[in-house]
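**Student:** Here is a sequence with its predicted model. Questions after.
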Amino acid sequence: MVVIVYLLGGNTLHSPDSARTVAFSSLFLGNLLLIFSFLSEKSPIWVVLKKRNPAALIIAGIAFFLLALGVFFPPLRSLFHFELPGLQPFLPVVWAGLGLLLFLELLKLIKKRG
């Protein structure tokens, strides 16, 4: 997923620190989507998300909070060598995440039918 984000991002990443921020965000989103996708081996993700799972929601909320803290809190941002690249470089992260989710859901559908 990170390679896809890099290829889709093209030349919108002007510094290594902004590239690091976007790459870390794509790793984060990809792992979170994997977790939510594999909460059920057979049900699609929208069925899984409709069920009440407070632990998963709390963990996802904490994870997003920590990511935002690392990106937006200046002492942590400098510790991790992150940079705020704006919103445009994060669009490939969202598109790659949706593509990963679609791929995982198709794999579940194939596995369910086979």
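**Tutor:** Structure received.
**Student:** which sections of the protein are below the confidence cut-off?
**Tutor:** 7-13, 114 (pLDDT under 70).
**Student:** which residue sits closest to the residue nearest the centre of it, ignoring its sequence neighbours?
**Tutor:** In the chain, the residue lying closest to the centroid (C-alpha atoms, centre = their mean) is Leu29, at 1.1 Å. Distance criterion C-beta to C-beta, 6 or more residues apart in numbering; nearest residue to Leu29, sequence neighbours excluded, is Gly97 at 4.5 Å. Quick note: C-beta positions are derived from backbone N, CA and C, even for glycine.
**Student:** returning to that earlier point: list the contacts for the residue nearest to the centre of the chain?
**Tutor:** Contact partners of Leu29, counting by C-beta atoms under 8 Å, 6 or more residues apart in numbering, are Met1, Val93, Val94, Ala96, Gly97.
**Student:** The second one: how many residues sit nearby?
**Tutor:** Taking other C-beta atoms under 10 Å as the criterion, the count of residues near Val93 is 25.
**Student:** so which helix or strand takes in it?
**Tutor:** Per DSSP states H and E, Val93 falls inside helix 91-113.
**Student:** could you dump that helix to PDB, C-alpha only?
**Tutor:** Written as PDB, here are the backbone C-alpha positions of helix 91-113 (Å, rounded to 0.1, in the frame of the first residue of the first chain):
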ATOM      1  CA  LEU A  91      -5.600  11.700  -1.000                       C
ATOM      2  CA  PRO A  92      -3.600   8.800  -2.300                       C
ATOM      3  CA  VAL A  93      -3.600   7.300   1.200                       C
ATOM      4  CA  VAL A  94      -7.400   7.400   1.200                       C
ATOM      5  CA  TRP A  95      -7.600   5.900  -2.300                       C
ATOM      6  CA  ALA A  96      -5.100   3.200  -1.600                       C
ATOM      7  CA  GLY A  97      -7.000   2.400   1.700                       C
ATOM      8  CA  LEU A  98     -10.200   2.000  -0.200                       C
ATOM      9  CA  GLY A  99      -8.500  -0.100  -2.800                       C
ATOM     10  CA  LEU A 100      -7.100  -2.400  -0.100                       C
ATOM     11  CA  LEU A 101     -10.500  -2.700   1.500                       C
ATOM     12  CA  LEU A 102     -12.100  -3.600  -1.800                       C
ATOM     13  CA  PHE A 103      -9.400  -6.200  -2.500                       C
ATOM     14  CA  LEU A 104      -9.900  -7.700   1.000                       C
ATOM     15  CA  GLU A 105     -13.600  -7.800   0.600                       C
ATOM     16  CA  LEU A 106     -13.300  -9.500  -2.800                       C
ATOM     17  CA  LEU A 107     -11.000 -12.100  -1.300                       C
ATOM     18  CA  LYS A 108     -13.600 -12.800   1.400                       C
ATOM     19  CA  LEU A 109     -16.400 -13.100  -1.200                       C
ATOM     20  CA  ILE A 110     -14.300 -15.500  -3.300                       C
ATOM     21  CA  LYS A 111     -13.400 -17.600  -0.200                       C
ATOM     22  CA  LYS A 112     -17.100 -17.600   0.800                       C
ATOM     23  CA  ARG A 113     -18.200 -18.900  -2.600                       C
END
